[in-house]
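Undergrad: Output the structure for:
(one chain, ligands or ions: 1)
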Amino acid sequence: MLELGETKVGEYIKTIGLWRNKAKNVIALSQMLVDDFDSIVPEAREELVKLPGVGRKTANVVMSMAFGIPTMAIDTHILRIGMRMGLAPAKTPDDVEAILMRIIPEEFLYHAHHWLILHGRYMCVARKPKCEACIIADLCKSKEKTCDVPAAIVPILDQEIPT
Ligand code: SF4
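TA: Below you'll find the predicted structure:
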């Protein structure tokens, strides 16, 4: 990355949002990895978040994808559907993460992160959720649900909001 430099990295990633800033951070974090971490990406969240551009969400993604550590990265989609579906009814990403980590069995955590993001991005979308086609409509207790599939009584969805 350092040999490529910011301009070249930018050219590779310029189809994504905020690419200029991201290219800058990629170079800065690469330099920090070389200087402070012996060129080895750390596993620990507290070390990962020291890297430029890396917050808790990104650290969780790296821990999960690169190191197989069960985590739940909360993006805008998971935050929205957690509240909407009653699965993780909390207002902050940290609280949603805490609830999901508690209620999702560990064996499913690695994939659950992607299932939830994709569900929020393509099915339970922000403006007009596609409830008629939703395969979990029978589990969903959302007031915004637009199909007439009744919600089953599922105790796991009745989670307390952390204080
Ligand atoms: S039924 Fe509708 S509101 Fe409920 S999870 Fe599915 S898409 Fe979202």
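
Undergrad: Outline the domain layout of this protein.
TA: Per the record, the chain has its domains at 5-67, 76-157, by automatic domain parsing.

Undergrad: what's the first-to-last distance across the shortest one?
TA: Using Cα to Cα, to the nearest Å, the span of domain 5-67 from its first residue to its last is 27 Å.

Undergrad: for that domain, what is the average pLDDT?
TA: The average pLDDT for domain 5-67 rounds to 97.

Undergrad: Over to the last one?
TA: Domain 76-157 carries an average pLDDT of 88.

Undergrad: Off-centre distance for it?
TA: Here domain 76-157 shows a centroid-to-chain-centroid distance of 13 Å under the convention Cα atoms, centre = their mean, to the nearest Å.

Undergrad: is it up against the ligand anywhere?
TA: Yes - using Cβ under 6 Å from any ligand atom, a contact is recorded between domain 76-157 and the ligand, made by 84-85, 123-124, 129-131, 134, 136-137, 140, 142, 144-145. C-betas here are computed from N, CA, C, even on glycine.

Undergrad: Turn the residues you listed into CSV, columns for neighbour count.
TA: What follows is those, written out as CSV (neighbours: other Cβ atoms under 10 Å):
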residue, neighbour count
84, 19
85, 24
123, 16
124, 24
129, 24
130, 13
131, 18
134, 20
136, 15
137, 22
140, 24
142, 18
144, 11
145, 18
